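Participant: test case, fold it:
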Amino acid sequence: MTQEAFPRVKTFDLSIACIVLITLAAVLIFVMAGTSRFNAHPDEHLHFKAAQYYISYWLPPEVGDARSEYTYSYFGVSYLDEPDIVYLLAGKFSKALSFTELPPYLLTRAFNFALFVALFLILLKYSLQIEIPLYGILLLSPQIWYVFGYFNGDAFGFFVGSCLVLELSRLIRDPEKAMPRIGMGFWLGMLLLAKRNYYVLVPVLVGVAIWHSIFYSKVGPRRVLAKAWLKVLLVTALIALPKIGYQQWVNEFNLGEKRVEQMEKTAAPGFKPSQVTASFSPWHVNMHAKGRPLLELLSVHQWHSISFKSMVGVYGWMNVFSPNWYYGALFFLYTLLFMRACLPSRPFKWTELTLTVLGIFGMAATAIASLLNSWTVAFQAQGRYLFPLFCIFLLLLAYKWEKLPKKFFYAGFLSTGLLSLGNFILVGLGNIAR
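Facilitator: Below is the predicted model of the structure:
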């Protein structure tokens, strides 16, 4: 046999295959958004009610406002009392498209679908510029597709977190010449107005700023670098402070206490703050206050297992599970991909090691924050709280790509993508279709 009989697979061909898989994923998201029943997904009715409020109004209400009473859950909380701006954006998006006469819940789903398409195009454009398959993170888990297929606040957080990391990657890929850009301030400001589990990216950004200042800024240019970061912070403040400040002002700068008071008024029995230690309070609510040890989450309730599963393939109201072999296969692929991205390259460099440790710290902080939330708030299938892991993986991929085995990662993305595609069709769409 000649060598031509076994032609080598080109990375370009693998890239095309990845792009095709993501395009198919977008089609499946569209199908799910258009065919699944309303509220067949976690808390969709509560997310939708929050967006529905902003169809009529522009400003967030005071906690307990009569206009927002219908948005409170049995926990006694409303998404309108969070800093999230996604409900305002989705509400106005729905109002702008009301001429279509589609049901409002479909229009809010269309908002999330548009976010997925926009994120794919943004990742694809930058990937083609620097010849790195950053879009590969969209193939890591069908759970990513799932959160973009119905209306919720998590999809917006993932969109913003990914865009912020893209801005950071521009800095770390050319650290000797690049400076922090204004766009970084915009996305950081939007991050502060997104789901709070993505706040873990803030210390990662701070770490990158310190890393850049130590290794790539001499005594002279540090003033210029400091001014550039001050501009970033100024833009961040201009984006985030108006909503955060107004929300505090309308609540007499007592937002936290007012939320607790509202929980006492509207939460279901056993969910009120004063009742979480009562015998009739559900076992999974604020286990910390009940005196249950943190390790019980791991040893008895298998927090690590349910969190991983719900990060890679649990549907419906987090009650439609995939086969165990599927979770095992993805765990194996994740181990290979994440460990390889975190291994130091040769020749050894302190700059790379420091940034890699920073990435590992960010991943660990993400997992710890999710664990503590399950212990102090409520233990649920909350794999979406681990999504910042994908954003940090994206950062390491962008920084270390030239020293990584390229076909290994392409093969990994294609493997997770094919598994995700089959899982989303057979388990996801197969169980939540009309």
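Participant: what sits against residue 87?
Facilitator: Residue 87 sits next to 47, 50-51, 53-54, 79-80, 153 when contact means CB atoms under 8 Å, 6 or more residues apart in numbering. Using the backbone N, CA and C atoms, a C-beta is placed for each residue, glycine as well.
Participant: among the residues you listed, which two are most distant?
Facilitator: The distance between the two most remote of those (CB to CB) is 13.7 Å, for 53 and 153.
Participant: how far does stretch 21-31 sit from its chain's centre?
Facilitator: When C-alpha coordinates are averaged (CA atoms, centre = their mean, to the nearest Å), stretch 21-31 and its chain have centres 19 Å apart.
Participant: same thing with stretch 48-58?
Facilitator: Remark: stretch 48-58 is offset 22 Å from the chain centroid, using CA atoms, centre = their mean.
Participant: can you pull the buried residues of the one helix or strand residue 121 maps to?
Facilitator: Per DSSP states H and E, residue 121 falls inside helix 104-130. Buried residues in helix 104-130, counted by 16 or more other CB atoms under 10 Å: 104-113, 115-116, 119-120, 122-124, 126-127.
Participant: which ones are touching the residue nearest in space to the middle of the chain?
Facilitator: When CA atoms, centre = their mean is applied to the chain, the residue found nearest the centroid is residue 158 (3.1 Å). By CB under 8 Å, 6+ apart, the contact set of residue 158 is 119, 144, 147, 198, 387, 390-391.
Participant: and residue 85, by the same measure?
Facilitator: 190, 193-194, 243.
Participant: for residue 336, same thing?
Facilitator: Contacts of residue 336 (CB under 8 Å, 6+ apart): 408, 412.
Participant: okay, and it sits in which element?
Facilitator: helix 324-342.
Participant: could you export that helix as CSV, CA atoms only?
Facilitator: Taking Å, rounded to 0.1, in the frame of the first residue of the first chain, the C-alpha atoms of helix 324-342 are listed here in CSV:
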residue,chain,number,x,y,z
ASN,A,324,-24.7,5.7,32.6
TRP,A,325,-22.4,4.7,29.8
TYR,A,326,-22.9,8.1,28.2
TYR,A,327,-21.9,9.9,31.4
GLY,A,328,-18.8,7.6,31.7
ALA,A,329,-17.8,8.3,28.1
LEU,A,330,-18.0,12.1,28.5
PHE,A,331,-16.2,12.0,31.8
PHE,A,332,-13.4,10.0,30.2
LEU,A,333,-13.2,12.6,27.3
TYR,A,334,-13.3,15.5,29.7
THR,A,335,-10.5,14.0,31.7
LEU,A,336,-8.3,13.8,28.6
LEU,A,337,-9.2,17.3,27.2
PHE,A,338,-9.1,19.3,30.5
MET,A,339,-6.0,17.5,31.8
ARG,A,340,-4.1,18.0,28.6
ALA,A,341,-5.0,21.7,28.5
CYS,A,342,-3.7,22.1,32.1
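Participant: buried set for the following helix or strand past that helix?
Facilitator: Downstream of helix 324-342, the first helix or strand assigned by DSSP H and E is helix 350-376. By neighbour count on 16+ other CB under 10 Å, the buried set for helix 350-376 is 352, 355-356, 358-359, 362-363, 365-367, 369-371, 373-375.
Participant: over to stretch 213-227?
Facilitator: 216-217, 225.
Participant: which single one of these is nearest to residue 421?
Facilitator: residue 216 (40.9 Å).
Participant: quick check: phi and psi at the nearest residue to residue 297 once chain neighbours are set aside.
Facilitator: Excluding the flanking residues, the one nearest residue 297 by CB to CB, 6 or more residues apart in numbering is residue 303, at 4.1 Å. With angles defined as degrees, to the nearest 10, residue 303 sits at phi -50, psi -40.
Participant: buried only: go through the contacts of residue 158 for me.
Facilitator: Here, 16+ other CB under 10 Å leaves 119, 144, 147, 198, 387, 390-391 buried among these.
Participant: convert stretch 290-302 to PDB, retaining C-alpha atoms only.
Facilitator: The C-alpha trace of stretch 290-302 is given here as PDB (Å, rounded to 0.1, in the frame of the first residue of the first chain):
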ATOM      1  CA  LYS A 290     -30.100  22.400  59.500                       C
ATOM      2  CA  GLY A 291     -26.700  21.400  60.900                       C
ATOM      3  CA  ARG A 292     -26.100  18.800  58.100                       C
ATOM      4  CA  PRO A 293     -22.300  18.400  57.400                       C
ATOM      5  CA  LEU A 294     -20.900  19.500  54.100                       C
ATOM      6  CA  LEU A 295     -19.400  16.100  53.500                       C
ATOM      7  CA  GLU A 296     -22.900  14.600  53.500                       C
ATOM      8  CA  LEU A 297     -23.500  16.200  50.100                       C
ATOM      9  CA  LEU A 298     -20.700  14.100  48.700                       C
ATOM     10  CA  SER A 299     -20.900  10.900  50.700                       C
ATOM     11  CA  VAL A 300     -24.700  10.500  50.900                       C
ATOM     12  CA  HIS A 301     -26.300  12.600  48.200                       C
ATOM     13  CA  GLN A 302     -23.500  12.200  45.600                       C
END
